[in-house]
Each structure stands twice: as structure tokens, then as C-alpha cells.
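Visitor: how would this look folded up:
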Amino acid sequence: MLRKSLAVTALAYTLAPAAASAAPVYLECMMTLGSGQKETQWNVTLDEAAGSVAYTIPELGTAKKALGIFTADKVRFDTMEISRIDLTFTRTINLLGEVKRDQGQCKMAPTPTRKF
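Guide: Below is the predicted model of the structure:
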């Protein structure tokens, strides 16, 4: 009976979705905010297994963690969207009824080496 139980448990782990054990993805994204301003760097961590997105904007001293919606072709969080196809980065904001979109581009960032 114990062997059968272990076999079923092993099979369940084998059939579990790969995303559940996937490592976080690190991106470096550049986006021009507003009209004609200089590019701003965003450091984005996508954690599909946890359903979260964390990002920092070093120049602005901003850091945030948000709920992420992961689909086959994009990841949405807050007012942002990153394409899983071509890594385009879009922020959509509504200012007094006027919808504005800022566009940017991401690239894969190296996985940080950790000390602990």
C-alpha cells in the first residue's frame, strides 16, 4: 500500500505544471515616460509561480510588488503589460479622461548571484 501511495505521489509531481516550479525571470526594461523625456530604467522580476511581479525604478527611488496576470503571450500588472513574445513594455494611464500609453522595451537580465 505504501509503494502504491508513493507511486501516485511521484506521478502527481511529474504531471504538475512546470510554471509552478519555474524560477523567477529578471528583466531590464527601458521606457520613455511622458512626451520626449529621457528613458527610465525599470528592473522587473516576474514570478509566475507566486503570481507576482516586483519592480524597481532606481532613478525615482520606487519599488513595488504587484499581483501579476500571466497569460500565454503577456504579463499584466498594475497599469503595465510586458509581451512574452517580443518583450515590449507598455504602460497605460488615464489622466483626467485622456488615455496615454508609454512604450518601452525589455531585455533578459542576468540572474543575480546570491550570497544567502
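Visitor: please count neighbours and contacts with C-alpha atoms only from this point.
Guide: Will do.
Visitor: what's the longest strand seen in the chain in contact with?
Guide: Of all segments of type strand in the chain, defined using DSSP state E, the longest is strand 98-108. Strand 98-108 has contacts (C-alpha atoms under 8 Å, 6 or more residues apart in numbering) with 25-34, 87-94.
Visitor: next, name the residue at the spatial heart of this structure.
Guide: Nearest to the mean C-alpha position of the chain, by C-alpha atoms, centre = their mean, lies residue 46 at 2.9 Å.
Visitor: tell me the contacts of that residue?
Guide: 24-26, 52-54, 68.
Visitor: taking these together, which two end up most distant?
Guide: Spatial extent of the contacts of residue 46 (C-alpha to C-alpha) is set by the pair 26 and 68 at 14.2 Å.
Visitor: where does this protein have low pLDDT?
Guide: 1-21, 34-36 (pLDDT under 70).
Visitor: do a quick rundown of the helices in it.
Guide: According to DSSP state H, the chain carries its helices in the segments 2-15.
Visitor: please enumerate the strands of it.
Guide: Ranges of strands within the chain are 25-32, 39-47, 52-57, 62-67, 69-70, 74-77, 80-83, 88-95, 98-108, based on DSSP E.
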